[in-house]
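S.K.: Fold the following and give me the result.
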Amino acid sequence: MENHARERGNPRGRGRPNQNRGNPSFQQRGYRPVSGQSGSSGQVPYSGEGQSGYRPVSGQGRGSGHLPNWGDAQSGYRPVSGQGRSSGQVPYSGEGQSGYRPVSGQGRGSGQLPNWGDAQSGYRPVSGQGRSSGQVPHSGEGQSGYRPVSGQGRGSGQLPIWGDAQSGHRPVSGQGRTSGQVPHSGEGQFARPTWPNSGGGSTSASSSGGNLRGSGQASGGQIYVPVPPQRSESVSGPSSSGQQSQEISQQLPGPPSLPQRVPMKRPDNGGKQATKRPRVLVNHFLANFNPDSTILQYDVEIKPEVPPKHGRTVQISKSDMCMIKDKLFSDEPRRFPKSRTAYDKEKNIFSAVELPTGTFRVELSRGENAKTRTYIFTIKLVKEIDLRRLAAYLNGNLSSIPRDILQGMDLVMKENPTKHRFSIHGCFYSKEYQGEDDLGRGLFASRGFKHKLKTTSQGLALCVDYSVLAFRKSIPILEFLEQHLYKFNKDRIDYQTRKDFMATLKGLKVTVTHRQTKQKYTIMGLTELDSSNLKFTMEDPEGKNPPREVGLVHYFREKYKKEIRYKGLPCLDFSKGERMNFVPMEFCELVEGQGFPKDLLDKDREVARKFKDIALAKPWKRRKVIQDMVHASDGPRGGEIAENFGITVDTNMTEVTGRIIPLPNLKVSECNGRPGKLTPKNNDGQWNLLEKSVLDGKQIERWAILDFSSSDRYNKLNPDQFIPKLITRCDKLKINMQQPLFYKSDMRILSHPVRLRSLLRDIYNRAEGRLQILICVMTKKDPGYKTLKLICETEIGIITQCCLSINANKANDQFLANLALKINAKLGGSNFELYDPLPRFSGNGHVMFIGADVNHPGAWNTTCPSIAAVVATINWPAANKYASRIRPQDHRAEKIQNFGEMCLELLNTYARLNKVKPEKIVVFRDGVSDGQFDMVLNEELTDLKRAIESDGYSPTITLIVAQKRHLTRLFPDPNERQGDKSGNVMPGTVVDTTIVHPYEFDFYLCSHYGGLGTSKPTHYHVLSDDHAVSSDQLQTVIYNLCYTFARCTKPVSLVPPVYYADLAAYRGRQYYEALMDGCSPASVESSLSSMTLSSSPSTSVSSYDDGRFYKLHSNLENAMFFC
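M.R.: Modelled structure (predicted):
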């Protein structure tokens, strides 16, 4: 072990020039010098860098309209004095009372400039042409984050005014608000600022009389201008005038940027209405920390000592990086204490104590006969994380969440379970299993947990949830194959068995047993020849003997004294590049901790059943398992790591008082055909239509059946039984269904896209282009399903309804009723509606509900586009019919890149159908994490407003994020027995205190009945609201909408706009997969081929985003085909 260099890193502001370190304002408040013509380098302090990214810059010649003047009598912004004010001039007495002050300047006439105010903001008058070196900025400057800029030449009317009176504007967010700053009141509200018009003047939502700009030249004063947030950077000495002008032009873009929106604050103290107030246990465990402590963050770089040949980059695996780090820490435990550090297996180490920095040499050997490799381990200090910022955020004194602190503390809480459990995708699973966890087929179910620190109203909380994953057993390869495959012969394999071997083994990691080594190998494939026939050329390493051909059996016998027993089997291929490596299967063993994909479990019904019994734990079992894991020595609070960082966790679940809000009444059709009221059941929220019927049943006169099950011996459809029963059930629901036009049977055409397309066109033509719906019967969930949907919905224009023959032949009443509801919804009927108007949205004005979601490809895919979908209601006040738009976009991009355009299309559809545009819009956004709220607020919402606001049309908008991918679970208090019959909380249970955000507007709502496992509530977070809805009103609106989901007679767990958007996005994914499988019209085969050959995600998107592939057929654009 050799330490080549030891240099202490600079924890604060690396790269800043030495001449500024003596300035206390610079060091403590983030000011930095900027060179300019009117002052020497380092003279002008930079205030508020963390908050908004504004900084003072002196410069020459800002053009007309470039520098906006931010002003508002109520908010504390003020204008800047011109050239005529002398340096250091004191404002007149009484400024704090009126909020205005006079401004003197050259060339400004009497009465031209209004007085501006600064009553509470702490701004002070700005000196003339040049602040003296080291001058301390005025009080309050760091709060607003604006920066003064001296410039030349502001013409009359050239600079727009930005206002903030009651709207709660705040400056553009930068790298982080300083600890202890008070957030702005009313954050989240937003009013339109002023913009320069084409003529160089300004336009504003509110204008004031008088000439606001003098015609003379202004210099020497300071004005506040918005600039993009910037990282800390090294600033050199004084620059020339030309260099200065270039620097300013890069830092200050011409068009002003919008003030950043932030999530709105809670409008009240939570809801009040309730039919019951049960006690609820939540899997949040209160975490305490010392706000005066500091966590040190270090950057780690690991690379081989000897660079690879040909300059190629070496990718070191996470497991190897952990081994290298552990070797260094084990060799020098005093300097690198393991129990006081946490490592993320990549680039970051968080430490409770100071660590040596510099470059270290680490030697690592993997075992017998393994070559010792040497690595260079470089560690440097990145920053010191002050936990007082987290305390300030929890107390409401800091508006931006300190994510760097939570990231470090989360890693600390994961360090102990990482050492004792399998770690997969942030979950931690036990390495041991009991007999009841054996799934068969060489698999077992491992019980584990996932945890995360959350900022809540009660403080910092550790959220812990139960998780189960199937793993392959760590057993010899032959034993695994014997258990996993139904037909397995150790002596010889045929062609089909070889294919099964490949599908089962490829990509798995194994160790070898014929020699001692810790090295892990990845199975790349199988050898073409079996072991008895496999030969290779062996060279003498000393070069004394000529190369000779050696058989594998003979080589293992002489080299390792091992006799190969199963000579008829192929070997496992571990080859990399030109280096060949073949090992017989009998000498290989599976590495532990290799998960088994959940989607493959369903191929074996018995295995799937066992797994679901373990994974879908009843609430009381799940609650006990979570509590046991919190107490466990290998859990998140086990060991001494967390305590060494000053973090302690309570072992009791959080107790809160929930509220069960009233369930809605529904409007359905009575037996006499008139609308009537239906009240769902209180215990589970469900209802039935045995004595009722749908509200608006469609007439189905032109439909047909396409049977794909005719070749199946066991599950062949019986049309003589299915058709009459379906027609009868539809008639009972007041859906008038006639006999089908025809019944078409075809056997295996689903697997042939060209033949399938031809068949569907024949069916369409046979129905004279007026087919209402085509019912397709299949024997199983066939891959051809997605091809069928693509052809029908984008090319031909046929609405389809698929079902399985096994269910169609049983034809029980519930199955037929659900099938009828889907068919009626797809054809534009209305199954049921809300009986009472929605609170806050009742009245004459129309309301549109929008849902948006993005479907991403699997983690293993690196090129396929993500699929964005937006759905919207097209009727009011029923608000139960939706239209959709689907678009591909960049690979794994969460931002909806065509959001405004898609919403505009749906808005125009609404206007065309209803002869009026909606006055109010409620947007539900799915699939975004807390860290993406800024993107939704300041990019997607801005895109939406820009697209739809025109010709005086500017609807009010409420924006809500719906989250299902969280860890919070609600459990009824076992002492009160307030749960439903499955042991879950009752439908309609709301929690909006204690476990929610400290001051933003969010709540948890469990709207559904949890028949399987433990119910997961949906987390709703309101980012922006123009409608001033209260907690009670919004919770009622969302809960009531959950009863309008068209295809079932029970409330759903997710508000329908989001639910439908998720279905539509998944349908888009199926379109893409069908296209990639070769289902493309002949006219676009060349385009598909070129796209397939490209590995660029942007190429994939552009190839499919030309309107031909994802554009719905005109027959389906306004239909709920995705239902």
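
S.K.: Could you use CA atoms for every contact and neighbour count after this?
M.R.: Noted.

S.K.: Name the helix or strand of the protein that has the lowest mean pLDDT.
M.R.: When the helices and strands of the chain are compared on mean pLDDT, DSSP states H and E, strand 223-225 comes out lowest with a mean of 33.

S.K.: and A461, what does it touch?
M.R.: By CA atoms under 8 Å, 6 or more residues apart in numbering, A461 lies in contact with H284, F285, L286, A287, L453, K454, T455.

S.K.: now swap in N652 and tell me
M.R.: Per CA under 8 Å, 6+ apart, neighbours of N652: F285, Q627.

S.K.: switch to 10 Å and redo it
M.R.: L281, V282, N283, H284, F285, L286, Q627, V630, H631 (CA atoms under 10 Å, 6 or more residues apart in numbering).

S.K.: Most neighbours out of the residues you listed, which is it?
M.R.: Greatest neighbour count in the contacts of N652, by other CA atoms under 10 Å, goes to H284: 28 neighbours.

S.K.: who's in contact with that one?
M.R.: In this structure, H284 makes contact with 451-454, 456, 460-465, 650-655, 967-970, 995, judged by CA under 10 Å, 6+ apart.

S.K.: what separates it from G271, distance-wise?
M.R.: Distance of H284 to G271, computed by CA to CA, to the nearest Å: 21 Å.

S.K.: cool, I823 as well?
M.R.: As judged by CA to CA, I823 and G271 stand 38 Å apart.

S.K.: G1013 now?
M.R.: Distance from G1013 to G271, by CA to CA: 28 Å.

S.K.: Kindly report the same for R557.
M.R.: According to CA to CA, R557 stands 78 Å off from G271.

S.K.: Which one's more surrounded, the two?
M.R.: G271 (20 against 13).

S.K.: just checking, that one touches L1005?
M.R.: No. Using CA atoms under 10 Å, G271 makes no contact with L1005, being 12.0 Å away.

S.K.: Overlap in contacts, the two.
M.R.: R659, I661, V990, V991, D992, Q1035.

S.K.: which one of those is nearest N855?
M.R.: Q1035 (26.7 Å; CA to CA).

S.K.: Surely that closest one is in contact with V990?
M.R.: Yes. Contact status for Q1035 versus V990: in contact at 8.0 Å, counting by CA under 10 Å.

S.K.: Mutual contacts of these two, please.
M.R.: G271, I661, F1003, Y1004, L1005.

S.K.: so who does the fourth one touch?
M.R.: This means Y1004. Counted by CA under 10 Å, 6+ apart, Y1004 has contacts 658, 962-963, 968-970, 989-993, 995-996, 1016-1021, 1035.

S.K.: if you set the cut-off to 6 Å instead, what comes out?
M.R.: V990, V991, P1017, T1018, H1019 (CA atoms under 6 Å, 6 or more residues apart in numbering).

S.K.: and the next element down the chain from the helix or strand encompassing the last one?
M.R.: In this structure, H1019 is located in strand 1018-1025 according to DSSP states H and E. Tracing the chain C-terminally past strand 1018-1025 and defining elements by DSSP H and E, one meets helix 1031-1041 next.

S.K.: What lies in contact with that next one?
M.R.: Outside helix 1031-1041, the residues that reach it (CA under 6 Å, 6+ apart) are G270, G271, P664, L838, P839.

S.K.: Save those as a markdown table, and put in distance to E643 and secondary structure too.
M.R.: A markdown table is the format used below for these (distance: CA to CA, whole Å; DSSP: H, G, I helix; E, B strand; the rest coil):
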| residue | distance to E643 | secondary structure |
| --- | --- | --- |
| G270 | 35 | coil |
| G271 | 38 | coil |
| P664 | 49 | coil |
| L838 | 50 | coil |
| P839 | 49 | coil |
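
S.K.: Can you list the neighbours in contact with the helix or strand harbouring L774?
M.R.: Following DSSP H and E, one finds L774 within strand 773-778. Defining contact as CA under 6 Å, 6+ apart, one finds that strand 773-778 is touched by 703-709, 799-805.

S.K.: List the strands paired with it, with their directions.
M.R.: Using DSSP bridges, the strands paired with strand 773-778 are strand 703-707 (parallel), strand 800-804 (parallel).

S.K.: For the strand holding H1019, what is the distance to the chain centroid?
M.R.: A distance of 15 Å separates the centroid of the chain from that of strand 1018-1025, by CA atoms, centre = their mean, to the nearest Å.

S.K.: Stretch 574-590 too?
M.R.: That offset, for stretch 574-590, works out to 39 Å (CA atoms, centre = their mean).

S.K.: sorry, back to before: the strand holding H1019 - contacts with which helices or strands?
M.R.: For strand 1018-1025, the contact count by 3 or more CA pairs under 6 Å, 6 or more residues apart in numbering; DSSP states H and E identifies strand 956-963, strand 1001-1006 as packing neighbours.

S.K.: got the angle for that strand vs strand 956-963?
M.R.: If you take axes from the mean of the first three to the mean of the last three CA atoms, to 10 degrees, strand 1018-1025 sits at 150 degrees to strand 956-963.

S.K.: And for strand 1018-1025, what's in contact with it?
M.R.: Strand 1018-1025 is contacted by residues 188, 263-264, 958-964, 1001-1005 when judged by CA under 6 Å, 6+ apart.

S.K.: Pairing partners for that strand, with directions?
M.R.: Applying DSSP bridges, strand 1018-1025 is found paired with strand 956-963 (antiparallel), strand 1001-1006 (antiparallel).

S.K.: angle of the last one against helix 1031-1041?
M.R.: Okay, so that is strand 1001-1006. Using the same axes, to 10 degrees: strand 1001-1006 against helix 1031-1041 is 40 degrees.

S.K.: what's the answer for the longest one, then?
M.R.: For the pair strand 956-963 and helix 1031-1041, the angle between their directions (the same axes, to 10 degrees) equals 70 degrees.

S.K.: Quick check: mean pLDDT of strand 956-963?
M.R.: Strand 956-963 comes out with an average pLDDT of 98.

S.K.: In the stretch 301-450 of the chain, mark out all the strands, start to finish.
M.R.: Along the stretch 301-450 of the chain, counting by DSSP state E, counting those that start in this stretch, strands occupy 341-343, 348-351, 358-364, 373-386, 422-424, 427-429, 438-440, 443-456.

S.K.: who wins for proximity to Y486 among these?
M.R.: strand 438-440 (11.7 Å).

S.K.: next one: the closest one to chain centre, how far?
M.R.: Centroid displacement of strand 438-440 relative to its chain, using CA atoms, centre = their mean, is 34 Å.

S.K.: likewise stretch 834-849?
M.R.: 31 Å.

S.K.: go on, stretch 628-643?
M.R.: Centroid separation for stretch 628-643 versus its chain: 28 Å, with CA atoms, centre = their mean.

S.K.: low-scoring stretches of the stretch 301-450 of the chain, by residue?
M.R.: 311, 367-370 (pLDDT under 70).

S.K.: Compute the first-to-last residue distance for stretch 534-552.
M.R.: 6 Å.

S.K.: What of stretch 688-700?
M.R.: Note: stretch 688-700 ends 23 Å apart using CA to CA.

S.K.: Same question for stretch 985-1002.
M.R.: With CA to CA, one end of stretch 985-1002 sits 19 Å from the other.

S.K.: Pull out the buried positions in that stretch.
M.R.: 985-993, 995-1002 (16 or more other CA atoms under 10 Å).
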